[in-house]
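J.: Fold the following for me, if possible:
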Amino acid sequence: MLERPFSEVKAALDRIAHSASAATPFPFAKLIGSALRAKSGEWTDLAMVWIPFLAAAEKATLKDLLSDVRDSKWASQKTRQLARKYVNEIERGDPKRLN
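T.: Prediction:
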């Protein structure tokens with residue numbers, strides 16, 4: 001899923017949920033968290049692209065994983081810097097940046 005644009009995946013899942021009358025939205029933060037836990041540069045890079053689409057509360061649940069990416073040796077410099085940015089935004093609780 002992470003290999004596709006967020007908007008495309010969300011639209012497809014919304015259509016499925018609507019036709020199935022699902023009350024619970026898809027857990028995008030859990031999917032992103034799984035990718036971050038994999039400690040794979042490829043999956044982490046893909047997951048980082050989706051983080052801006054999450055609600056502030058969902059982003060906050062990823063703080064520890066993003067801190068791990070920020071401090072890792074396996075992630076690229078660009079990814080570590082982006083993880084640092086997201087952790088800082090979460091810590092500041094800046095709603096303008098988080099949403």
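J.: How confident was the prediction at the residue nearest to the spatial centre of the chain?
T.: Most central in the chain under Cα atoms, centre = their mean is residue 51, positioned 3.3 Å from the mean C-alpha point. On the pLDDT scale, residue 51 is placed at 98.
J.: That one is in contact with residue 62, isn't it?
T.: Yes: using Cβ atoms under 8 Å, residue 51 is in contact with residue 62, at 7.1 Å. C-beta coordinates here come from the backbone N, C-alpha and C atoms, glycine included.
J.: joint contacts of these two?
T.: Common contacts of residue 51 and residue 62 (Cβ atoms under 8 Å, 6 or more residues apart in numbering): 32, 86.
J.: What distance do you get for the residue nearest to residue 93 when sequence neighbours are not counted to residue 46?
T.: Once flanking residues are discounted, residue 93 sits nearest to residue 56: 7.8 Å by Cβ to Cβ, 6 or more residues apart in numbering. Separation of residue 56 from residue 46 (Cβ to Cβ, to the nearest Å) stands at 22 Å.
J.: got it, and residue 11?
T.: Distance from residue 11 to residue 46, by Cβ to Cβ: 18 Å.
J.: Same question for residue 55.
T.: For residue 55 relative to residue 46 (Cβ to Cβ), the value is 20 Å.
J.: Of the two, which one has the most company?
T.: residue 46 (16 against 11; other Cβ atoms under 10 Å).
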